[in-house]
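Chemist: Give me a 3D structure for the following:
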Amino acid sequence: QVQLVESGGGLVQTGGSLRLSCAASGRSFRSSYAMAWFRQAPGTEREIVAAVDWSGITTYYSDSVKGRFTISRDNAKLTVYLQMNTLKPEDTAVYYCAGHPTVFPRGPYEYWGQGTQVTVSS
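Modeler: Purely as a prediction, here's the structure:
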């Protein structure tokens with residue numbers, strides 16, 4: 001069984017920064033898995049934000065966050081990060097960590113976290 005636990009969400013003003021973390025655990029989890037962050041705002045479909053391959057070298061970003069967000073990973077800690085800078089109100093959403101896609105980067109993904117709320121006030 002695999003568990004993905006997100007943390008680091010919260011309330012921030014426009015232009016501010018947050019860093020999300022996703023800690024993986026479970027005997028089935030492998031550090032060779034690609035990982036990603038998705039988000040879902042109320043009334044919208046879940047969308048991919050960023051993804052990273054097992055090495056941390058190959059990354060993917062949606063156009064809406066490119067240049068503002070950075071995805072990274074620490075395989076020794078089985079943790080993936082999402083550094084979010086210059087946040088905008090439209091970044092407000094529940095952010096989900098996901099792991100082990102069938103196809104990189106868009107998935108589908110096998111493992112999901114429970115999500116962490118990010119709210120950007122104007």
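
Chemist: Let's see the pLDDT reported for Leu87.
Modeler: According to the prediction, Leu87 has pLDDT 98.

Chemist: Now for it, how many residues are close by?
Modeler: 22 (other Cβ atoms under 10 Å). The C-beta positions use only the backbone N, C-alpha and C, and glycine is treated the same way.

Chemist: again with Lys77
Modeler: Counted by other Cβ under 10 Å, the residues lying close to Lys77 total 12.

Chemist: Strands of the chain, residue ranges please.
Modeler: Listed in chain order, the strands of the chain (DSSP state E) span 3-7, 10-13, 18-25, 35-40, 47-52, 59-61, 69-74, 79-84, 93-101, 109-112, 116-121.

Chemist: Kindly reformat the ones you listed as a markdown table and extend each row with mean pLDDT.
Modeler: Output for the strands of the chain, formatted as a markdown table (pLDDT from 0 to 100):
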| stretch | mean pLDDT |
| --- | --- |
| strand 3-7 | 97 |
| strand 10-13 | 98 |
| strand 18-25 | 97 |
| strand 35-40 | 98 |
| strand 47-52 | 98 |
| strand 59-61 | 98 |
| strand 69-74 | 97 |
| strand 79-84 | 98 |
| strand 93-101 | 97 |
| strand 109-112 | 97 |
| strand 116-121 | 98 |
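
Chemist: Dump these into a markdown table; add mean neighbour count as well.
Modeler: Converted to a markdown table, the strands of the chain look like this (neighbours: other Cβ atoms under 10 Å):
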| stretch | mean neighbour count |
| --- | --- |
| strand 3-7 | 17 |
| strand 10-13 | 13 |
| strand 18-25 | 19 |
| strand 35-40 | 24 |
| strand 47-52 | 21 |
| strand 59-61 | 17 |
| strand 69-74 | 18 |
| strand 79-84 | 22 |
| strand 93-101 | 22 |
| strand 109-112 | 18 |
| strand 116-121 | 17 |
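
Chemist: ok, now how distant is His100 from Ser31?
Modeler: Applying Cβ to Cβ, to the nearest Å, the value for His100 to Ser31 is 11 Å.
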